[in-house]
Each structure stands twice: as structure tokens, then as C-alpha cells.
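Asker: Kindly return the folded structure for what I paste below:
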Amino acid sequence: MTRASLDKQPHEVAAMFDDVAAKYDITNDVISLGQARRWRKDVARAVAARPGEKVLDLAAGTGTSSLSFSADGAYVVPCDFSLGMLREGKKRHPWMPLTAGDATRLPFADGVFDAVTISYGLRNVHDTDAALREMLRVTRPGGRVVICEFSHPTWAPFRTVYSEYLMRALPPIARTVCSNPDAYVYLAESIPTWPDQPALAARLQRAGWSKVAWRNLAGGIVALHRGVKPAG
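Answerer: Next up is the predicted model:
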């Protein structure tokens, strides 16, 4: 397939992830220079799942990101709209309740999850604001959201170096480890167009989340946004 456009048409993005499912996790480790595993630990600490809690892990792909929540004793539901990713995840983790779902129309009842999280998937959703509202809907009052997403480095000189890496170095690296390097060119192109940290925080607030805050990782290459669903 050709590289998906930045219009983020759902069928194109899903097909793109279907193509890279088998090597997705190892490719992420390579192109993030080993940081992806550390960032997963940061997400797990931010979610702070407790035994018996229900956690929805959106854009979970093969389910790798869900393992830490399960290890903390939570009941985790990995959800993704790429059937190729889910099939690959089922091979690796047959015990997981992997679920097909669109982030803008989640197949869950109101208020059933204690926490909802999404890593590196929100910027690929066709309607970001609808997804934020859906996450709010399926979270119980007092529950929490954690969003881990590529963002904008806060130091201008580093921002330039990072941009050069994304557009010049990442595609050749992707070609060596990935069956569909165009997918990673698309992902690289989508990062600079994504809202910066304060802008995403404002969108969370408009969607109805309270106590919104964020923390930069790796100088702002990645940002962790958090919020709480108001009680009552």
C-alpha cells in the first residue's frame, strides 16, 4: 500500500498497522534507540494500576503495553482497531482479552474502567476530540486517563536535531527492520503536526477531564498527559 495520508483515514491507518504487526515491537525498540521500554515503565507508573482494577489499554497493538498492568494485578483489556495487530497479539498472549474497537466509538458501557490509557495511538485517530470524550465516557467517576504520545522537544536546538532524525535517519533505519517502511515515514510526518503539550492538555479539558497535567520524557520527545474524570 502507499503511505497513508495525514488525513488519518481509519481504513488506511488500520491497514498500515496490519502490515507491520509481526515486527512492530522490535521496530519500536530500534527506532526509539531503546527508549520505548523505559517509556512503557513510565506509563505503568503513571497509571498506577491496583489489584482488582479494570484498565482499558487503547491502541494496545500486540498487547505488549498491557503486560505491566496485568502484572500489577489489574484486569486489563487491550483494544486496537488493527486486526493484524490483534491476531499477532493473540499468538503471543492467548490469555489476554484482546478486543477490536475504534477509539471514537468504543464497544464498552459507560463508567466501567478505573483507568484508560493510550500510548502512541491518539495522534493516529481520525477524530481526536471524539476519542477523548469516549475515553471519558467509559471511565468511572474519579477514574483516570494517561496518554503517552510523541510530542515537541522543549529545547529549540534539540528540537532541530530531533526533526532531522525523524525525517532523515528514521526512514533508512525502518527499511532495515520493517516490511513496510512507508508506515514509519507516515508516523514520522505525523509527529510535527501533532498539538504540543499545552494544546493537548487544553483538548483534554474541553473533553471534560479535570486535574489535567503533563510530564515531559526525554526532553519532550514524549509527553505523559494525565487527567481525572470528575466525580458525580
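Asker: hey, let's count contacts and neighbours off CA atoms from now on
Answerer: Fine.
Asker: quick one: buried residues of the strand or helix carrying residue 38?
Answerer: Element membership of residue 38, judged by DSSP states H and E, is helix 35-47. Within helix 35-47, the residues scored as buried using 16 or more other C-alpha atoms under 10 Å are 36, 39, 40, 43, 44, 46, 47.
Asker: So which residue is dead centre in this structure?
Answerer: For the chain, residue 119 is the residue whose C-alpha lies nearest the centre (C-alpha atoms, centre = their mean; 2.1 Å).
Asker: give me every residue that touches that residue.
Answerer: Listed by C-alpha atoms under 8 Å, 6 or more residues apart in numbering, the contact partners of residue 119 are 58, 59, 60, 147, 148, 149.
Asker: same thing but 10 Å
Answerer: Counting by C-alpha atoms under 10 Å, 6 or more residues apart in numbering, residue 119 touches 39-40, 43, 57-61, 65, 146-150, 222, 224.
Asker: What ranges does this protein have for its strands?
Answerer: Under the criterion DSSP state E, the chain contains strands at 54-58, 75-80, 99-100, 113-119, 139-150, 210-217, 222-228.
Asker: mind listing what the second one pairs with, with the direction of each?
Answerer: For strand 75-80, the pairing partners within the sheet under DSSP bridges are strand 54-58 (parallel), strand 99-100 (parallel).
Asker: Tell me which of the ones you listed is the most buried.
Answerer: Counting by mean count of other C-alpha atoms under 10 Å, strand 54-58 has the highest mean neighbour count of those, with a mean of 25.
Asker: packing partners for the helix holding residue 38?
Answerer: helix 24-31, helix 67-71, strand 113-119, strand 139-150, strand 210-217, strand 222-228 (3 or more C-alpha pairs under 10 Å, 6 or more residues apart in numbering; DSSP states H and E).
Asker: Spatially nearest residue to the residue nearest to the centre of the chain, not counting backbone neighbours?
Answerer: Setting aside the residues directly before and after it, residue 119 is nearest to residue 148 in space (C-alpha to C-alpha, 6 or more residues apart in numbering), at 4.5 Å.
Asker: What of residue 135?
Answerer: Excluding its sequence neighbours, the residue lying closest to residue 135 (C-alpha to C-alpha, 6+ apart) is residue 116, at 6.6 Å.
Asker: would you turn the helices and strands packed on helix 35-47 into CSV with distance to residue 88 and mean pLDDT?
Answerer: Below are the helices and strands packed on helix 35-47 laid out as CSV (distance: least, C-alpha to C-alpha, whole Å; pLDDT from 0 to 100):
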stretch, distance to residue 88, mean pLDDT
helix 24-31, 10, 63
helix 67-71, 15, 96
strand 113-119, 18, 97
strand 139-150, 22, 96
strand 210-217, 29, 97
strand 222-228, 26, 96
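Asker: So which of those is nearest residue 97?
Answerer: Closest approach to residue 97 among the helices and strands packed on helix 35-47 (C-alpha to C-alpha): helix 67-71, 11.4 Å.
Asker: Mind giving me the packing neighbours of the closest one?
Answerer: Helices and strands touching helix 67-71, by 3+ C-alpha pairs under 10 Å, 6+ apart, are helix 35-47, strand 54-58, strand 75-80.
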